[in-house]
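In: the sequence isn't on hand, but the structure is:
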């Protein structure tokens, strides 16, 4: 979740295609807020891009999910809330 490129794309409500790593943070949901494909596989990436291009409802769902994820994790309100909680100033 510390990837600024992902955060920027999500904050703009863009459909995001990424590779699936060995571990996947629980926030990333395939075909809900990100479209995942195999790493180091150009054919899989090309197929993922083609799938997202060919399915407008999937693009809409990915864009909406990415925007929601950005709001939940990258908004200023969320950042302030987590900072205060980390500093234990909310008592």
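Out: Cool, the structure landed. Not measured: the values here are computed from a predicted model.

In: for residue 29, which non-adjacent residue is closest in space?
Out: Spatial nearest neighbour of residue 29, chain neighbours left out: residue 65 (6.9 Å); criterion: C-beta to C-beta, 6 or more residues apart in numbering. All C-beta atoms are positioned from the backbone trio N, CA, C, and that covers glycine.

In: following the longest helix anywhere in the chain, which helix or strand shows up next?
Out: The longest helix of the chain (DSSP state H) is helix 56-74. Moving toward the C-terminus from helix 56-74, the next helix or strand (DSSP states H and E) is helix 76-87.

In: run the chain-centre distance for that next one.
Out: Its chain's C-alpha centre and that of helix 76-87 lie 20 Å apart, by C-alpha atoms, centre = their mean, to the nearest Å.

In: relative to helix 56-74, how tilted is that helix?
Out: 40 degrees (axes from the mean of the first three to the mean of the last three C-alpha atoms, to 10 degrees).

In: follow-up on the earlier one: so what does the longest helix of the chain touch, helix or strand wise?
Out: Packed against helix 56-74, as judged by 3 or more C-beta pairs under 8 Å, 6 or more residues apart in numbering; DSSP states H and E, are the following elements: helix 4-11, helix 42-54.

In: which regions of this protein lie under the pLDDT threshold?
Out: 1-3, 89-91 (pLDDT under 70).

In: repeat the analysis, applying 90 as the threshold.
Out: 1-4, 6-7, 21-25, 72-86, 88-91 (pLDDT under 90).

In: which residues are in contact with the residue lying closest to residue 21 once chain neighbours are set aside?
Out: In this structure, residue 21 finds its nearest non-sequential neighbour in residue 39, 6.7 Å apart by C-beta to C-beta, 6+ apart. Residues counted as contacts of residue 39 (C-beta atoms under 8 Å, 6 or more residues apart in numbering) are 19, 20, 21.

In: and for residue 9?
Out: Contacts of residue 9 (C-beta under 8 Å, 6+ apart): 16, 66.

In: how near is residue 22 to residue 15?
Out: 24 Å (C-beta to C-beta, to the nearest Å).

In: of these two, who's got more company?
Out: A side-by-side neighbour count of residue 22 and residue 15, using other C-beta atoms under 10 Å, places residue 15 first with 21 against 5.
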